[in-house]
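Q: quick one: sequence plus predicted model below, questions after.
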Amino acid sequence: MTSATPCEALVRLDRKISKALSTGKGVKLGGDELALLAGIGMIEQLADSKAKALKEQARCLQLRVASIREGRSGSISSGAPTASLRAIDGTSGGMTPPQDASSARARARATFG
């Protein structure tokens, strides 16, 4: 830039960037334009924005990994083991418990001889 005041240089840079954005084209910045951006704090803002974006990306990744792990378990229970039904009532799949079977046999023998 040629001996422009800082204000004029900012206005010119703003026009250059705004035009590039509106036309969807790239922009080439010279060293004095980069120094101007650094002088108004744009480099710090860029670094802060990058840090926020990376933090959000990491948070999303952690949520996705946790979601995948929970999905693989196939269960939403507390994780405590459950007793099998056979161990609770002494039967398996609707079969008559052994003492009932022997008493039924005894009744059948008594009735039919």
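A: Nice, I can see it.
Q: residue contacts, residue 13?
A: 33, 36, 37 (CB atoms under 8 Å, 6 or more residues apart in numbering). Backbone N, C-alpha and C define where each C-beta goes, glycine included.
Q: tell me how many other residues crowd the last one.
A: Residue 37 has 17 neighbours, counted by other CB atoms under 10 Å.
Q: can you dump the C-alpha coordinates of whichever strand or helix holds it into CSV?
A: According to DSSP states H and E, residue 37 maps onto helix 31-39. This file holds the C-alpha atoms of helix 31-39, laid out as CSV (Å, rounded to 0.1, in the frame of the first residue of the first chain):
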residue,chain,number,x,y,z
GLY,A,31,2.7,-8.2,4.0
ASP,A,32,1.5,-4.7,5.0
GLU,A,33,-2.1,-6.0,4.9
LEU,A,34,-1.3,-8.9,7.1
ALA,A,35,0.5,-6.6,9.5
LEU,A,36,-2.6,-4.4,9.5
LEU,A,37,-4.8,-7.4,10.4
ALA,A,38,-2.4,-8.4,13.2
GLY,A,39,-2.4,-4.8,14.4
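Q: which strands and helices sit next to it?
A: On a contact count with 3 or more CB pairs under 8 Å, 6 or more residues apart in numbering; DSSP states H and E, helix 31-39 meets helix 6-23.
Q: return the set of buried residues in the helix it packs on.
A: 9, 10, 13 (16 or more other CB atoms under 10 Å).
Q: could you do stretch 21-40 as well?
A: The neighbour-count check on stretch 21-40 (16+ other CB under 10 Å) flags 33, 36, 37 as buried.
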